[in-house]
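[1] Pasted the sequence and its predicted model underneath.
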Number of protein chains: 2
Amino acid sequence: MEVTILGCYSATPRTFNNPTSQVLEINNHLFLIDCGEGTQVQLRKRKIKFSRIKHIFISHLHGDHFFGLIGLISTFGLLDRKTELHIHGPKGIKDIILLQLKLSKSWTGYPLYFHELDTTTPELIFEDEKVTVETIPLAHRVYANGYFFKEKEGDRKLLINEVQQYEIDVAYYRSIKKGKDVTLEDGTVIPNEKLTAPPENPKSYAFCSDTVYKPEIAEQIQGVTGLYHESTFLEQHQHLCEKTKHSTAKEAAQIAKAANAQQLILGHYSTRYGNIEVFKEEAQTVFENVILAEDGKVISFE
Amino acid sequence: MEVTILGCYSATPRTFNNPTSQVLEINNHLFLIDCGEGTQVQLRKRKIKFSRIKHIFISHLHGDHFFGLIGLISTFGLLDRKTELHIHGPKGIKDIILLQLKLSKSWTGYPLYFHELDTTTPELIFEDEKVTVETIPLAHRVYANGYFFKEKEGDRKLLINEVQQYEIDVAYYRSIKKGKDVTLEDGTVIPNEKLTAPPENPKSYAFCSDTVYKPEIAEQIQGVTGLYHESTFLEQHQHLCEKTKHSTAKEAAQIAKAANAQQLILGHYSTRYGNIEVFKEEAQTVFENVILAEDGKVISFE
């Protein structure tokens, strides 16, 4: 599992930083999360193949999280994309995109599906044999939800020396990996635990931006591998969190701690602080494993 | 008069080039023309003061000419702008912007006016004591119009030595500059031509993007100082012009020649040509004074 930060600053535009967007690679899926203005250029700079992106998840309809979406959708069309594209995002996102496509007479030549969200409790919005995606209800100035991406538990791992010792036919390997015991020709039953090791622990990633401090998040994402949680302000500006519905670095760390997260990633920094290291310092008073998101940073979870 | 090219490439996104946007400084006005994705960042990079922009002119609703508008409008709001802003552009532009402001609950704190256009003949859309702006009807795949910016003729220039020789009171200077004769106390009439020189020739700028070759443009903009005319293709790809409703470099030069323009600026290059010098070479077979628009280039008209 790997996250590439395309942009992680809050709304005020900066010359050399980009608004929120991330690419999550999880169990061979490539998910784009949020899509601020200029995201298509950042994807190009990071040499991320457009055609691998089949799902885009938008957290809320503030510009710094979705103004780049229409450009990306249009560019996919110009590049003659055929692969379908799914947009998950708040109610209204479909109207915004379709109105622009209509007025520019730029209908896409590929199937474009909208999945509009309006949830107050966690909701399963995507599932296949490899991953699930749930919404994480957030509390912001407009409707907002985060996303909780989870790998499904994989197959058990074949202990190849053991399997060969019993001269088991290759045809059985698949069922053994699924956990089946094996009955030899002489009737002996070899229990699966002798032939396999447990699968790797499935990894998970929670994306929470933008929101006030919301302890329920921690309950939902218990044991999460990587938690991205916004930290627009420091504790000294707590009063601005109430007003603008954002969190402090310390509050983000409290969510990480309560969720027993392995790794906390901070981002969405207000531009009032000269140096983003202060966010890390404040968060580490509560939770040790903190990484600062920065444009272009790639974070791997082993 | 001065034009700053913020971006001048055609729709396919490039890593290091920007879609169409220009800033025209004319008689102390600062006009923004077109606003492709990322324009707000380009304005910042060029250190152009946001508050000086009071009018934005959008040529048509293709993404590479206006996807940056909503971001700019929002940013003006975040920065607590109070100055009014006028958006001139095709019908539908108001719906697109207002829908996004509504869904993001990001109403601007400054007066925002829309002037929607749907003209088939040149129309005067702005006039004050210093400049006029007319639409230039274009022919593209969607409704499109260019813009013709003209300085008004200024006052005549006082020949200060002459004026002082006749001991004319300062109180008369304003009327002399407006062209009035002066009657001295002894009844002698001094004709205005003795006291003033003609005003500077007013300058003008025509912005024509995107369009098929349209000879009527040249009639409308006779004697234009600076003509920006798109040249998406070279003559060898003339057939693509018909299909996509664009012009070749040669056709742009034919417009410049027929209009008796002083200067032709080319732009909106298709990315299929490795080197943009080929556009200049082709245009110069018809019209000598050719400049290639490039991101960040500043073109002054003396």
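    Looks like it arrived, so ask away.
[2] From now on I want contacts and neighbour counts done on CA atoms only, so please keep to that.
    Will do.
[3] Any idea how far apart the tips of stretch A:100-116 sit?
    Taking Cα to Cα, to the nearest Å, stretch A:100-116 runs 17 Å from one end to the other.
[4] pLDDT averaged over that stretch - what is it?
    Stretch A:100-116 carries an average pLDDT of 93.
[5] how about that stretch, does it get close to chain B?
    Yes: interface with chain B: stretch A:100-116 contributes A:100, A:103, A:104, A:105, A:106 (Cα under 8 Å from any Cα of the partner chain).
[6] could those residues be laid out in JSON lines, adding secondary structure?
    Converted to JSON lines, those look like this (DSSP: H, G, I helix; E, B strand; the rest coil):
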{"residue": "A:100", "secondary structure": "helix"}
{"residue": "A:103", "secondary structure": "helix"}
{"residue": "A:104", "secondary structure": "coil"}
{"residue": "A:105", "secondary structure": "coil"}
{"residue": "A:106", "secondary structure": "coil"}
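[7] neighbour-wise, which of the residues you listed leads?
    Among the residues of stretch A:100-116 next to chain B, the one with the most neighbours (other Cα atoms under 10 Å in any protein chain shown) is residue A:100, at 23 neighbours.
[8] Just want to check the distance between that one and residue B:159.
    Counting by Cα to Cα, the gap from residue A:100 to residue B:159 is 57 Å.
[9] now swap in residue A:3 and tell me
    According to Cα to Cα, residue A:3 and residue B:159 sit 71 Å apart.
[10] Also residue A:44?
    Taking Cα to Cα, one finds residue A:44 at 60 Å from residue B:159.
[11] just the residues of stretch A:100-116 next to chain B now: which is nearest residue B:218?
    Ranked by distance to residue B:218 (Cα to Cα), the residues of stretch A:100-116 next to chain B are led by residue A:104 at 26.7 Å.
[12] So the closest one sits against residue B:64, correct?
    No: between residue A:104 and residue B:64 there is no contact under Cα atoms under 8 Å: 10.5 Å.
[13] what's the helix or strand containing residue A:56 packed up against?
    Element membership for residue A:56, per DSSP states H and E: strand A:53-57. For strand A:53-57, the elements it packs on are strand A:29-33, strand A:85-90, judged by 3 or more Cα pairs under 8 Å, 6 or more residues apart in numbering or on different chains; DSSP states H and E.
[14] out of those, nearest to chain B?
    The closest approach between chain B and any of the helices and strands packed on strand A:53-57, judged by Cα to the nearest Cα, belongs to strand A:85-90 at 9.4 Å.
[15] Assumed residue A:280 was part of a helix.
    Yes: Residue A:280 forms part of a helix when assessed by three-state DSSP.
[16] Would you agree it is in contact with residue A:249?
    Yes: assessed by Cα under 8 Å, residue A:280 is found in contact with residue A:249 at 7.3 Å.
[17] picking that back up, with mean pLDDT added, can I get the helices and strands packed on strand A:53-57 in TSV?
    Listed next are those as TSV, based on pLDDT from 0 to 100:
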stretch	mean pLDDT
strand A:29-33	98
strand A:85-90	98
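[18] Would you mind giving these as JSON lines with distance to residue B:217 added?
    As requested, these are arranged in JSON lines below (distance: least, Cα to Cα, whole Å):
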{"stretch": "strand A:29-33", "distance to residue B:217": "44"}
{"stretch": "strand A:85-90", "distance to residue B:217": "41"}
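[19] any chance of those strands in CSV, plus mean neighbour count and distance to chain B?
    Converted to CSV, the helices and strands packed on strand A:53-57 look like this (neighbours: other Cα atoms under 10 Å in any protein chain shown; distance: least, Cα to the nearest Cα, whole Å):
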stretch, mean neighbour count, distance to chain B
strand A:29-33, 21, 18
strand A:85-90, 21, 9
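[20] where does residue A:149 land in three-state SS?
    Following three-state DSSP, we place residue A:149 in the strand state.
[21] For the nearest residue to residue A:191 once chain neighbours are set aside, what are phi and psi?
    With sequence-adjacent residues excluded and distances taken as Cα to Cα, 6 or more residues apart in numbering or on different chains, residue A:191 is closest to residue A:181, at 4.8 Å. Dihedral pair for residue A:181: phi -80, psi 170, per degrees, to the nearest 10.
[22] With residue A:244 instead?
    The phi/psi pair for residue A:244 (degrees, to the nearest 10) reads phi -100, psi 0.
[23] count of neighbours near it?
    14.
[24] Check residue A:45 too.
    14.
[25] With the one 3 residues further on instead?
    Taking other Cα under 10 Å as the criterion, the count of residues near residue A:48 is 15.
[26] would it count as being in a helix?
    No: if the criterion is three-state DSSP, then residue A:48 is coil and not within a helix.
[27] For it, grab phi and psi.
    Backbone torsions of residue A:48, given as degrees, to the nearest 10, read phi -90, psi 130.
[28] okay, it: pLDDT?
    Predicted confidence (pLDDT) for residue A:48: 94.
[29] Equivalent analysis for residue A:280, please.
    pLDDT, residue A:280: 97.
[30] Distance of it relative to residue B:157?
    Distance of residue A:280 to residue B:157, given as Cα to Cα: 64 Å.
[31] of those two, who's got more company?
    Neighbour count, other Cα under 10 Å: between residue A:280 and residue B:157, residue A:280 has more, with 22 against 16.
[32] who's in contact with the more buried one?
    Neighbouring residues of residue A:280 by Cα atoms under 8 Å, 6 or more residues apart in numbering or on different chains: A:249, A:266, A:290, A:291, A:292.
[33] Next one: it from residue B:246, what distance?
    52 Å.
[34] thinking residue A:197 is in contact with residue A:162, fair?
    No: look at residue A:197 against residue A:162 with Cα under 8 Å: they stay out of range, at 11.0 Å.
[35] next one: phi and psi at residue A:247?
    phi -120, psi 160.
[36] contacting residues around it?
    Contact analysis of residue A:247 by Cα under 8 Å, 6+ apart lists A:210, A:211, A:212, A:213, A:230, A:231, A:232, A:233, A:238, A:241.
[37] for those, which one is nearest residue B:129?
    Comparing the contacts of residue A:247 against residue B:129 with Cα to Cα picks out residue A:232 as the nearest, at 46.6 Å.
[38] what's that closest one sitting at in phi/psi?
    Main-chain dihedrals, residue A:232, degrees, to the nearest 10: phi -70, psi -40.
[39] Doesn't residue A:246 belong to a strand?
    No: per three-state DSSP, residue A:246 lies outside any strand segment and is coil.
[40] List the residues that contact it.
    By Cα under 8 Å, 6+ apart, the contact list for residue A:246 reads A:140, A:210, A:211, A:212, A:213, A:230, A:231, A:232, A:233, A:240.
[41] which among those residues gets closest to chain B?
    residue A:140 (11.1 Å).
[42] In this structure that closest one contacts residue A:210, no?
    Yes: assessed by Cα under 8 Å, residue A:140 is found in contact with residue A:210 at 6.2 Å.
[43] overlap in contacts of the two?
    Among the neighbours of residue A:140, those also in contact with residue A:210 (Cα under 8 Å, 6+ apart) are A:245, A:246.
[44] which of these two has more neighbours?
    Taking neighbours as other Cα under 10 Å, residue A:140 and residue A:210 compare with residue A:210 leading, 29 against 19.
[45] And chain A, what are its domain boundaries?
    If you go by automatic domain parsing, the domain ranges for chain A are A:2-154+A:200-300, A:157-197.
[46] Can you give me the end-to-end span of the last one?
    Pointing back at domain A:157-197 there. Across domain A:157-197, the terminal residues are separated by 5 Å (Cα to Cα).
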